Structure formats: C-alpha cells, structure tokens
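>>> Structure for the following, please:
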Amino acid sequence: FVGYNGNSGGHDDVFGYIFGYTDKASADILTSSELNYTTQYSTSYGYYIPETILKVTITNQTNIPTNAFRNCDSIEEIVYTKGIETIGDSAFQNCTGITTIIDLSFATSIGSYAFSGCVNLNVGILENAVNLKTIGFSAFENCTFTELTLPSKLETIGGYAFDVCTKLTDIVLPSKLTSL
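You can find the predicted model right below:
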C-alpha cells in the first residue's frame, strides 16, 4: 500500500507519509538541498522523500490514492506487482521524472489531474489500458505526447484532459466515446 494504510483517503495515504511530514508552513522553512529530500506537497502537509529514490514498486494495492505521489519529481519509474484498477486525482501530478508507468491493463479510471505536469511521460502509457473507461478532468494536462491512440473501451474524457499538450499533433478517439 501507499502511505499509512492506503484506504483512508486522507493525508496519510501519500507516499511521503512513511518518511515524515509536517504542516505546509513548517515545510517551507526547510529546503530540499539541506535535507537531500524532495518536499511533496499534498493539501496542507509537506512530506519529505529522499531524492535518492528513483524507483517505487507497489506490491499489494489495486488503487493509487489521491495525491499518492504528487510532486515526487525524483521518481523515474513506478512498478506494480498487482493490477492497478483506479488512479486517484492528482496521484502522479507534477512527477516530472516519471517516463513510464509499467502496466495499466487493469485500470478502469484515471482521476482528474492524475498525470498533469508529467512532462516526460511516455505516450505508451495508454497503449495497454484496454479496460480504461474514464479519463478525468485535466488528467494529462501539460504532457508532451506527440500522438495518442485512446483505448477502445474509453467512454468518458473529462474537460481539459489534454490541456496544454502543445506537442500533440494526432489523436485517435474510440467509437465507444459518449462524453467529451
């Protein structure tokens, strides 16, 4: 699981919880260079994540909670050993180091802002998302895809899902799409 128990939906569901946290005002006093940590902001808490962590393996969770890895810019790779079914709002927002998410074949929904600001994310993220039905509001905002083929079971794309994707030149929409 991510964070304390991965089920509460609160400030303790984020990855940084296991490394310690403080309220946002206190976190602003400490710099990442002084601690050799990245500060992960989620709601009103600041979390300290060692910058040396480049790969995270999630072993027993089917849902990635809201804000789970938000602003974890040093992480480059997320690996799951169990199929991820839902990705919460802002789960990977501003994770600029992530280039690929290994397997979304079980995913049915991607929350709002889930990958917003993931400027290095590989377009292949959706290639195997064969069960995906929903992409949330601004889910891929500011990503650098050049072309994109959306999964055939996709039914709903939230507003601004691909906002500020200035390099996107080609997108293939599925026939089952009912809400755009």
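>>> rest of the way, CA atoms for contacts and neighbours
Noted.
>>> Would you map the helices across this structure?
Along the chain, counting by DSSP state H, helices occupy 24-27, 32-35.
>>> looking at those helices, which one has the lowest mean pLDDT?
When the helices of the chain are compared by mean pLDDT, helix 32-35 comes last with a mean of 40.
>>> Tell me who's in contact with the residue nearest in space to the middle of the chain.
Computing the C-alpha centroid of the chain and ranking residues by Cα atoms, centre = their mean puts residue 92 first, at 2.1 Å. Residue 92 makes contact with 67-72, 114-116, 118 under the criterion Cα atoms under 8 Å, 6 or more residues apart in numbering.
>>> what do you get if the cut-off is 7 Å, keeping everything else the same?
Applying Cα atoms under 7 Å, 6 or more residues apart in numbering to residue 92 gives the contacts 67-70, 114-115.
>>> Could you measure from the spatially closest residue to residue 79 that is not a sequence neighbour over to residue 82?
Excluding its sequence neighbours, the residue lying closest to residue 79 (Cα to Cα, 6 or more residues apart in numbering) is residue 57, at 4.6 Å. To residue 82, residue 57 is 10 Å away according to Cα to Cα, to the nearest Å.
>>> okay, those two: which has more neighbours?
residue 82 (14 against 11; other Cα atoms under 10 Å).
>>> State the distance from the more buried one to residue 172.
For residue 82, the distance to residue 172 - Cα to Cα - is 29 Å.
>>> Just the pLDDT at the residue nearest to residue 79, thanks.
At residue 57, pLDDT is 84.
>>> for residue 121, same thing?
Predicted confidence (pLDDT) at residue 121: the value is 85.
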